[in-house]
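1. structure of the sequence below:
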Amino acid sequence: MGSHLSVLGQSFPPKPNFRVDDIPDLTGKVIIVTGANTGIGKETVKALLAHNAKVYVAARSEEKADVAIKDLKGSTGKEAIFLKLDLGDLKSVKSAAEEYLSKETKLDVLFNSAGVMFPPKDLLTNDGYDLQFGTNVLGHFYFTKLLLPTLIATAKSAPDGKARVITTSSSAHVLSGLTFSTFKDGPARKKLSTADLYGQSKNGNVVQALELARRYGSEGIVSIPLNPGNIKTDLARHMPSFLRSILNLFLYDVEHGALTQLYAGTAPEAVELNGKYLVPWARLGPTRKDARDPKIGEALWEWLEEQVKDI
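-> Modelled structure (predicted):
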């Protein structure tokens, strides 16, 4: 019951104390935002560009990303850079990291912001994983792993000695534990609903981000998972329309949706939040108890490592 009450509190948060105007000047910072052609990701890029960061828009569709980049240039006067990334295809993830590293020698902040929600259950990743877990968790894990040496090197030379990995989870992470036998397609996965699988993937985001914090905090990595709030984006496109119309009555705009991750990724004081979980708007909040269990974190990390070792 406690978890559900805390989710309710996060659904109707108090007014934010942090505003986009509070973001410091980001001149010289290099940042990647995944899923940045739309929704919260795009809004995040807009604020980062407006504060002089060099930003890579990591997305599957070059066509959609180009439209977003043009639109962002119109509103900020700054041009983001496209990085082709399909999180549902591990070879594409590897190519994206290689492409980035051929252009840049530093990475100050990685926003793991992309996500899929409630896709038809028969959809899998190119590698045969549940589409939600494979995209939201495994794809982001591999991308982060490939960029980790650069993040650590950047932290060493940064004035505050830190580089940040910000992972967008959801209040839905409290709804589902991790059942390893459902990460790939099979009988156990088929028994779960798309909502179960979504909750599990968002829990996986938290578990993986907290394990990253435990493993690499001493090397200057600040890993923060968060719930961005209940936000009006096209993430809900697979929901039945009647449900969507009810939900829309309780949703906030994308400007609010980007606030918590912008705080985590840019506020000077947020470097002290390695291994903490944030809720709307830029506040510390509770997670599922088992999401903080180091044994579960280690088990998930080892499973993820196993999946990507031969890509």
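2. quick one, strands of the stretch 51-200 of the chain?
-> For the stretch 51-200 of the chain, the strands defined by DSSP state E, counting those that start in this stretch occupy 54-59, 81-84, 109-112, 163-168.
3. right, and these - which one's nearest residue 264?
-> strand 163-168 (4.7 Å; Cβ to Cβ). Just so you know, the C-beta spots here come from the backbone N, C-alpha and C atoms, and that holds for glycine as well.
4. partner strands of that closest one and their direction?
-> Neighbouring strands of strand 163-168 in its sheet, by DSSP bridges, are strand 109-112 (parallel), strand 221-226 (parallel).
5. in a markdown table, list those strands along with distance to residue 44 and mean pLDDT.
-> Formatted as a markdown table, these follow (distance: least, Cβ to Cβ, whole Å; pLDDT from 0 to 100):
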| stretch | distance to residue 44 | mean pLDDT |
| --- | --- | --- |
| strand 109-112 | 6 | 98 |
| strand 221-226 | 12 | 98 |
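6. with distance to residue 80 and mean neighbour count as extra columns, can I get these in TSV?
-> Output for the strands paired with strand 163-168, formatted as TSV (distance: least, Cβ to Cβ, whole Å; neighbours: other Cβ atoms under 10 Å):
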stretch	distance to residue 80	mean neighbour count
strand 109-112	12	28
strand 221-226	22	26
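7. possible to save these as JSON lines with distance to residue 139?
-> Listed next are these as JSON lines, based on distance: least, Cβ to Cβ, whole Å:
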{"stretch": "strand 109-112", "distance to residue 139": "9"}
{"stretch": "strand 221-226", "distance to residue 139": "16"}
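8. poorly predicted segments of the chain, please.
-> Applying pLDDT under 70 to the chain flags residues 1-11, 231-255.
9. so where's the longest helix in it?
-> helix 194-216 (DSSP state H).
10. quick one: that helix to strand 221-226, angle?
-> 160 degrees (axes from the mean of the first three to the mean of the last three Cα atoms, to 10 degrees).
11. quick one on the thing from earlier: tell me which of the strands paired with strand 163-168 sits nearest to residue 300.
-> strand 221-226 (12.9 Å).
12. how about the closest one as CSV, C-alpha atoms only?
-> What follows is strand 221-226, C-alpha atoms only, in CSV (Å, rounded to 0.1, in the frame of the first residue of the first chain):
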residue,chain,number,x,y,z
ILE,A,221,30.3,8.8,-12.2
VAL,A,222,27.0,10.3,-10.8
SER,A,223,24.2,7.9,-11.7
ILE,A,224,20.7,9.1,-11.0
PRO,A,225,17.4,7.3,-11.9
LEU,A,226,14.2,9.3,-11.8
